[in-house]
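Asks: coordinates only, sequence not included:
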């Protein structure tokens, strides 16, 4: 009779103990899988939502008059457009910024209205190692413009119309919806077009950027300013604090939650499995005594208890993965509406579960197993 | 042959010492039937388990089949028990989740093959349990359980059979049958040591010793 068969027969006999132990592993694995799968979704959703909120860093020329900056909403100074490339190259490997976008803002009078003219570079500059997903609200093609809500109302234009901008004809690519901000009086155009209109060739007055979320201690703005001082001394950085804080809070909230909850779940389940294993050992102490009398050594007796724990771990991992993934698939779309379609099983977690859960169950059963192996069979058998 | 020389066993219970057996000397020849009798707590079971290598004596020497058991470590004693000694307990201690046949096969370790199975079936047949081999212990009578335990003890063809109150839970008829099976083992050349309160095994005994307070006494009365 093999050890495995002996374990399986014991499991079949003491079903209740087995089911309760299995439940502990299933609970731990399912919670972990559900959380991990959800965390992936949450991260995707956070990225998407935060992208919609927009850039949270503004890098402007150092000599900018800040009183005028806040009054006008943009810098009255300009800097060479190629600063953005220089900055991206120099910060490689030490990135605190990502998704750099060169822009040029000017206030002009158009059709009798004071409007903001904003040129957007055709492409973002993404530091090496950062995913190339665009943060820009839209890509403006040369010869086309996007018009803010109030301008559309006043000028009575619609998509596809042609408008005159300082003697040049532009097609209206899109009439933007109301935002309740100065974007409603803004005309967005291709950077080169706007530079040409305001006669500031190859000049920009702002690099919009997204702060890289790092868990490093200290004030992130101070860190960013220090980095800018090193790599782009001609510029200074302004952080849109509310957006930054929202991003940071949203991003780290779930991680902090996991960090605190998962150890509690694991410790709880380990104690649960350990207590059941201890009861099992206690219930089987005469059995251990008899096996000793029959000449079974410590290794074989330990194998009976640890082998059972490993089987519980393997079955628990498979069931836990199914339940955890099922939970994420059923409830995830309700919670993470933006990325609902992106929620899918993470199969490599099954491999990890099948490796870790048996080890976890065996570890939880370790002390009871040691008790079983070291208990004096003579004392047990004398109890009768 | 079993040689027990000046064997004592002391248990520590908290700060106290309990002298379970004291200065016991015994000489049991191969093929003998020894009965150890004494009141509860006299150290009978302790002596039996010490002879069987389940515990080491505190002092003294135990030699079984020319091998000094008291000098062996636990793995060596386990191996020695598996080859040389069969145990029968008062409470049978059959594994409840195994059938009668599987309980008997348990003694052969995890050996595979039809030889072990045939041996187990032959033992069950000799003990009148062929019809019970697929039954669970919970489905057996007390007498059948004890006969299963005897079959398990004999599975590895031991030279020594140690029985701790083997008839303690049996009616007189079953008790007589169990003792008869132990006697059969002795008749085939085996050594039997039985610990008991009663007199049911006396008729087959070559030697009867009385224990009181952990010591062998000459006059039991």
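Replies: Yep, that arrived. Keep in mind the model is a prediction, meaning the values are calculated, not measured.
Asks: only C-alpha atoms for contact and neighbour calcs from this point on.
Replies: Noted.
Asks: at the contact with chain B, which residues of chain A appear?
Replies: By Cα under 8 Å from any Cα of the partner chain, the residues of chain A that approach chain B are A:1-3, A:9-10, A:12-13, A:286-287, A:290, A:292-298, A:377-378, A:382, A:384.
Asks: could you rerun that using 7 Å?
Replies: For chain A, the contact set with chain B under Cα under 7 Å from any Cα of the partner chain comprises A:1-2, A:9-10, A:13, A:286-287, A:290, A:292-297, A:378, A:382.
Asks: make a ChimeraX selection of the buried ones in those.
Replies: Only the buried entries of the residues of chain A next to chain B go into this ChimeraX selection, using 16 or more other Cα atoms under 10 Å in any protein chain shown:
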select /A:1,10,286,287,290,292,293,294,295,296,297,378
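Asks: tell me which of the residues of chain A next to chain B fall in helices.
Replies: Residues of the residues of chain A next to chain B located in helices (DSSP state H): A:9, A:10, A:13, A:286, A:287, A:290, A:292, A:293, A:378, A:382.
Asks: contacting residues for the residue in chain A that chain B sits nearest to?
Replies: At 4.2 Å from chain B, residue A:295 is the closest residue in chain A, using Cα to the nearest Cα. Going by Cα atoms under 7 Å, 6 or more residues apart in numbering or on different chains, residue A:295 touches B:78, B:79, B:81, B:82.
Asks: Three-state assignment for the last one, please.
Replies: Assigned with DSSP: H, G, I helix; E, B strand; the rest coil, residue B:82 falls in the helix class.
Asks: so what's it closest to, chain neighbours aside?
Replies: residue A:295 (4.3 Å; Cα to Cα, 6 or more residues apart in numbering or on different chains).
Asks: for chain A, which strand is longest?
Replies: If you go by DSSP state E, chain A has its longest strand at strand A:97-110.
Asks: starting at the chain centroid, how far to that strand?
Replies: Its chain's average C-alpha position is 29 Å from that of strand A:97-110, according to Cα atoms, centre = their mean, to the nearest Å.
Asks: what residues of it count as buried?
Replies: Using 16+ other Cα under 10 Å as the test for burial, strand A:97-110 gives A:97, A:98, A:99, A:100, A:101, A:102, A:103, A:104, A:105, A:106, A:107, A:110.
Asks: average model confidence for whichever helix or strand comes after it?
Replies: For strand A:97-110, the succeeding helix or strand toward the C-terminus, using DSSP states H and E, is strand A:113-120. For strand A:113-120, the mean per-residue pLDDT is 91.
Asks: other residues contacting strand A:113-120?
Replies: The contact list for strand A:113-120 (Cα under 7 Å, 6+ apart) reads A:102-109, A:140, A:185-191, A:194.
Asks: could you do stretch A:357-375 as well?
Replies: When contacts are defined by Cα under 7 Å, 6+ apart, stretch A:357-375 is touched by residues A:25, A:270-271, A:273-274, A:277-278, A:281, A:298, A:301-302, A:305-306, A:309-314, A:317.
Asks: go again using 8 Å as the cut-off
Replies: With Cα atoms under 8 Å, 6 or more residues apart in numbering or on different chains as the test, stretch A:357-375 has contacts from A:25, A:29, A:270-271, A:273-274, A:277-278, A:281, A:285, A:288, A:298, A:301-302, A:305-307, A:309-314, A:316-317.
Asks: any idea of the angle the worst-scoring helix or strand of chain A on mean pLDDT forms with strand A:97-110?
Replies: Least confident helix or strand of chain A, by mean pLDDT, DSSP states H and E, is helix A:220-231 with a mean of 71. Angle, helix A:220-231 to strand A:97-110, by axes from the mean of the first three to the mean of the last three Cα atoms, to 10 degrees: 90 degrees.
Asks: show me what helix A:220-231 packs onto, helices and strands only.
Replies: For helix A:220-231, the packing partners by 3 or more Cα pairs under 8 Å, 6 or more residues apart in numbering or on different chains; DSSP states H and E come out as strand A:235-239.
Asks: any idea of the mean pLDDT for the strand it packs on?
Replies: 77.
Asks: hey, what's the residue most central in space within chain B bridged with?
Replies: By Cα atoms, centre = their mean, the mean C-alpha position of chain B lies nearest to residue B:162, the distance being 2.0 Å. Residue B:162 has these beta-bridge partners by DSSP bridges: residue B:87, residue B:193.
Asks: give me the neighbour count for residue 65.
Replies: As the question left the chain open, I've gone with chain A. Applying other Cα atoms under 10 Å in any protein chain shown, we find 14 residues neighbouring residue A:65.
Asks: please go with chain B instead
Replies: 14.
Asks: right, and it touches residue B:28 too?
Replies: No - Residue B:65 is beyond contact range of residue B:28, at 10.5 Å (criterion: Cα atoms under 8 Å).
Asks: now the helices: where do they sit in chain B?
Replies: Per DSSP H, chain B carries helices over the ranges B:44-51, B:74-84, B:100-105, B:114-126, B:142-154, B:172-187.
Asks: who touches the last one?
Replies: Contact partners of helix B:172-187, identified using Cα under 8 Å, 6+ apart, comprise B:31-33, B:127, B:143, B:146-147, B:161, B:166-167, B:191-192, B:200-201, B:204.
Asks: for those residues, which single residue is the most surrounded?
Replies: residue B:167 leads the contacts of helix B:172-187 on contacts (other Cα under 10 Å) with 30 neighbours.
Asks: that one is in contact with residue B:90, isn't it?
Replies: Yes - Residue B:167 is in contact with residue B:90 according to Cα under 8 Å; the separation is 6.6 Å.
Asks: domains of chain A?
Replies: Using automatic domain parsing, the domain ranges for chain A come out as A:3-47+A:249-383, A:57-239.
Asks: tell me the most buried of those domains?
Replies: Compared across the domains of chain A, domain A:3-47+A:249-383 shows the largest average neighbour count, a mean of 19 (mean count of other Cα atoms under 10 Å in any protein chain shown).
Asks: what's the offset of that domain from the middle of its chain?
Replies: 27 Å.
Asks: try stretch A:73-81
Replies: Computed by Cα atoms, centre = their mean, the chain-centroid distance of stretch A:73-81 equals 33 Å.
Asks: quick one: terminal-to-terminal distance for that stretch?
Replies: From its first residue to its last, stretch A:73-81 covers 19 Å (Cα to Cα, to the nearest Å).
Asks: give me the contact list for it.
Replies: The contact list for stretch A:73-81 (Cα under 8 Å, 6+ apart) reads A:60-61, A:63-66, A:68-69, A:102, A:105-106, A:202-206.
Asks: again, only using 10 Å
Replies: Under the criterion Cα atoms under 10 Å, 6 or more residues apart in numbering or on different chains, residues A:58-69, A:102-107, A:116, A:121, A:182, A:191, A:200-207, A:234-235 lie in contact with stretch A:73-81.
Asks: residue B:116 against residue B:156, yeah?
Replies: Yes - in this structure residue B:116 lies within contact range of residue B:156 using Cα atoms under 10 Å: 9.0 Å.
Asks: list the residues that contact the residue nearest to residue B:17 when sequence neighbours are not counted.
Replies: For residue B:17, ignoring the flanking residues on the chain, the nearest one in space by Cα to Cα, 6+ apart is residue B:11 at 5.7 Å. Contact analysis of residue B:11 by Cα under 10 Å, 6+ apart lists A:379, B:17, B:18, B:19, B:20, B:21, B:58.
Asks: in space, what's closest to the last one - neighbours in sequence excluded?
Replies: Looking back up the chat, that one is residue B:58. residue B:9 (4.7 Å).
Asks: so what sits opposite that neighbour in the bridge?
Replies: Beta-bridge partners, per DSSP bridges, of residue B:9: residue B:21.
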